[in-house]
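Chemist: need a 3D model of the sequence below.
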Amino acid sequence: MSGICGIVHFDGAPVEPELLKQMAEAAAYRGPDGIRYWVQGNVGFAHLALNVTPESLRERQPLVDDELILTADARIDNRAELTSTLTAKGFLREKDPTDADLILAAYRCWGEDCAQQLMGDFAFAIWDQHRRSLFAARDRAGCRVFYYRVVKGTFQWATEAAQLLADPAFPAQLNEEMIAHDLACPGFGGQHESYYLGIEKLGPGERLVASARGIQRERYRDFDPGYEIRYASDEEYAEHFKALFQQAVRARLRSVHPVGLFLSGGLDSASIAATAGYELGSSPTGLAPELMAINWTFGRTPKANEWEYSRAVAERWGFGYQEICVDPFWPLYDYPRRAPHRDEPFSSHMASFHIGCIESIPPARRPRVWMSGYPGDLLVGGNNPFYYLNLLRNGRFRLLARELDAHRRLYHISLKQLLDEFWITPLAGRPLREWLSHLIHRGRVTLREWIPHALIERTRLSAWARAQPSVDWVDLSTRRRPWPDRAKDWRHRVMTAPINARMNVWYDRALAQVGAEGWTPWNDVRLAEFILAIPEEQIARGINHKLILRRAMQDWLPAAVRERRGLRTGPGLYIIEGARREARATIDALLTTSKAAALGLLDWPALQQAIASFRGGRRSWGLDLWVALSLEMWLRAYP
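Modeler: Next up is the predicted model:
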């Protein structure tokens, strides 16, 4: 880890070592432990090292083994299983292999099917001299990224698009379609596209083969709708989940450096903290020397504080714990010192909290790995409207009435509001409104008012936006669904929405700039497979969201944390206040003149009006406004 790049000229032209060096150094911060190269004839590999795991200290990439050359940004989690299998089959000689050794041996054993045998976060490329082809793959959760470009018989790849832009022969050209997609539906585009024409990326769970004959890209594995797990008791489900969760956390504690955790008062990050505390206390061999938990505190918006819950977890397990006030890290506090990354303007508006906290820690004590509770809500959270529908279909009317009443009391809303928000609207209201809108407006969709009409027409944005699947209501069309259970179909859509992989890549990119990596247990694919295989009622029953997690943490989390329910304020309140007050001058400076407007990418008066409406309390602050402002900052930073 934590960066790769390379070049293959299929026409036989020799690789220029200086160009490969320029590509690697465009992301030099990803290689604090050195950059190494391998160049032979028409093939060149580079690896930027960030040594974290015990095995990485003796790993030397690019790895050359006879006719195979590998460069990988990877953490392989099923090491014991792979080592046993590959040794028995005669493909692995090393007794204590590195992750790179395992990937290369897996390729020798299973060929192009090797990626589906690997568990963990990875993006890698293998040059097969015998076949004269390059094989690449990306992990199924999309925690690592693989950009590539194919031009005139040349295949280039990298961890960052910025590395591909280092080649002066191919000047950057903006991809207006990608920009329009993020302005319309932030994060829901970009499965393969980038912000630059000619630069693409592998989607999560995809592989490719590049040769002189061209490129073949395909998905190597997906979730199986037919896979089911059934037990006789709730306890058996909880025990199975707990074992998988321990496995996921332990894999992300495999570090020779302290591991950091952004610990809120929520159940997702608290469960990671408790599990890490147990693992480090019971079997610390090969694991991190320390867990450093950080809790964000808010002086300006004290309702957002959750320190009483995070303190309880830290006291229970005795790991390192620190509360950091994030008031100084309001949105845009570090602009223009830190502009959006050159790869793309898309990011989280909580980026300032993560980076500000990490930079406040002395470099000598700063963890190289950070965990968080994301995306736990996507796996075991959410108000699944189909739970109530299933109760109705199965004739369980008394239970349905009790659940609805408890839900209403918990959220302090009327029964009518509850039915509309969590049942009628998701199941019928939104689909019907979409159908009527399509009928009345002849297929047009309502888009953000700051997206220029000319850009909408040039990029055919309305048709694209209309085709995007919603995760919060059921598709009432007659098409055949791979998931026969509507509740599972809903959860599968939530878990695999494109924005999740985009957020994973943003998190990795942001942490790389401060010498770290994001290793998130909730991204473990084995957890996702389990959640999709068990009955939905094991995950949520009315107000009992995250039911299986609460049961699994029965003995590890304080009751006040484990049984916490209801609405949480969280950091969103401070983000809103920070955008209104502290960031006001910075936003005003951005609103004076617009490069995006000059390029025809934003309707500047409309955006100014939207910001004014937000400040006046007539409009909410959301990712849509943030993406529009980030686009302007990005265009100013990279002319």
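Chemist: ok, Tyr388 to Arg408 distance?
Modeler: 12 Å (CB to CB, to the nearest Å). (Glycine included, C-beta is placed from N, CA and C.)
Chemist: Leu244 against Arg526, yeah?
Modeler: Yes. In this structure, Leu244 is within contact of Arg526 by CB atoms under 8 Å, at 5.4 Å.
Chemist: tell me where the model's unsure across the stretch 451-600 of the chain.
Modeler: 469-481, 542-543, 566-569 (pLDDT under 70).
Chemist: which stretches of it form strands?
Modeler: Using DSSP state E, counting those that start in this stretch, the strands assigned to the stretch 451-600 of the chain run over residues 517-518.
Chemist: so Ala46 makes contact with Leu20?
Modeler: Yes. With contacts counted by CB under 8 Å, Ala46 reaches Leu20, the gap being 5.5 Å.
Chemist: what count of nearby residues applies to the residue lying closest to Pro289 once chain neighbours are set aside?
Modeler: In space, and not counting its chain neighbours, Pro289 is closest to Pro258: 6.2 Å by CB to CB, 6 or more residues apart in numbering. By other CB atoms under 10 Å, 17 other residues sit near Pro258.
Chemist: numbering from 51 from now on, please.
Modeler: Shifting the count to begin at 51 puts that one at Pro308.
Chemist: what does the pLDDT read for Pro308?
Modeler: In this model, Pro308 is scored at 96, pLDDT.
Chemist: and it, how far is that from Ser106?
Modeler: 16 Å.
Chemist: contacting residues for Ala364?
Modeler: Counting by CB atoms under 8 Å, 6 or more residues apart in numbering, Ala364 makes contact with Leu313, Ala323, Ala343, Tyr371.
Chemist: need the max-distance pair from those.
Modeler: Ala323 and Tyr371 (8.9 Å; CB to CB).
Chemist: who touches both of these two?
Modeler: Leu313, Ala343, Ser360, Ala364.
Chemist: of the residues you listed, which belong to helices?
Modeler: Ser360, Ala364 (DSSP state H).
Chemist: let me know the closest of the shared contacts of Ala323 and Tyr371 to Leu330.
Modeler: Distances from Leu330 to the shared contacts of Ala323 and Tyr371, taken by CB to CB, are shortest for Ala343, at 11.8 Å.
Chemist: wait, that closest one sits on Leu313?
Modeler: Yes. At 4.1 Å, Ala343 counts as touching Leu313 under the criterion of CB under 8 Å.
Chemist: Ala96 - that's part of a strand, no?
Modeler: Yes. Membership of Ala96 in a strand is supported by DSSP: H, G, I helix; E, B strand; the rest coil.
Chemist: list the beta-bridge partners for it.
Modeler: Cys55, Tyr87 (DSSP bridges).
Chemist: spit out the contact partners of it.
Modeler: With CB under 8 Å, 6+ apart, Ala96 has these contacts: 54-56, 70-71, 73-74, 85-88, 112, 121.
Chemist: hmm, back to that, between Ala323 and Tyr371, who's got more neighbours?
Modeler: More neighbours surround Ala323 than the other of Ala323 and Tyr371, with 27 against 20 (other CB under 10 Å).
Chemist: could you report the neighbour count for the nearest residue in space to Ala687 that is not next to it in sequence?
Modeler: Distances taken as CB to CB, 6+ apart put Ala389 closest to Ala687, at 3.7 Å, once the chain neighbours are dropped. Counted with other CB under 10 Å, residues neighbouring Ala389 total 16.
Chemist: flag the shaky bits of this protein, pLDDT-wise.
Modeler: If you take pLDDT under 70 as the line, the chain has these spans: 51, 432-435, 471-495, 519-531, 592-593, 616-619.
Chemist: residue closest to the middle of it?
Modeler: Asn554 (2.1 Å; CA atoms, centre = their mean).
Chemist: does Glu499 count as helix, strand or coil?
Modeler: Reduced to three states by three-state DSSP, Glu499 is coil.
Chemist: Pro352 versus Trp177, what's the distance?
Modeler: When distance is defined by CB to CB, Trp177 is 56 Å away from Pro352.
Chemist: in terms of neighbours, single out the busier of those two.
Modeler: Taking other CB under 10 Å, Trp177 and Pro352 do not tie; Trp177 has more neighbours (26 against 11).
Chemist: surely the residue nearest to the centre of the chain touches Cys193?
Modeler: Yes. The criterion here is CB under 8 Å, and Asn554 meets it with Cys193 at 4.9 Å.
Chemist: Asn550 reaches Gly192, doesn't it?
Modeler: Yes. In this structure, Asn550 is within contact of Gly192 by CB under 8 Å, at 7.1 Å.
Chemist: mind checking which of these two has more residues around it?
Modeler: The residue with more neighbours, out of Asn550 and Gly192, is Gly192; 27 against 19, by other CB under 10 Å.
Chemist: ramachandran angles for the more buried one?
Modeler: phi 70, psi 30 (degrees, to the nearest 10).
Chemist: for Phe348, state which of the contacts of Ala96 is nearest.
Modeler: Closest to Phe348, out of all of the contacts of Ala96 and judged by CB to CB, is Ile54, at 38.7 Å.
Chemist: tell me the SS of the nearest residue to Thr209 once chain neighbours are set aside?
Modeler: With sequence-adjacent residues excluded and distances taken as CB to CB, 6+ apart, Thr209 is closest to Gly53, at 4.4 Å. When classified by three-state DSSP, Gly53 comes out as strand.
Chemist: common neighbours of Ala96 and Leu70, please.
Modeler: Cys55, Gly56, Tyr87.
Chemist: contacting residues around the residue nearest to Ala687?
Modeler: Ala389 touches Met683, Trp684, Arg686, Ala687, counting by CB under 8 Å, 6+ apart.
Chemist: any chance of the contacts of Ala364 in a markdown table, with distance to Leu657 too?
Modeler: Shown next, in a markdown table, are the contacts of Ala364 (distance: CB to CB, whole Å):
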| residue | distance to Leu657 |
| --- | --- |
| Leu313 | 36 |
| Ala323 | 40 |
| Ala343 | 39 |
| Tyr371 | 41 |
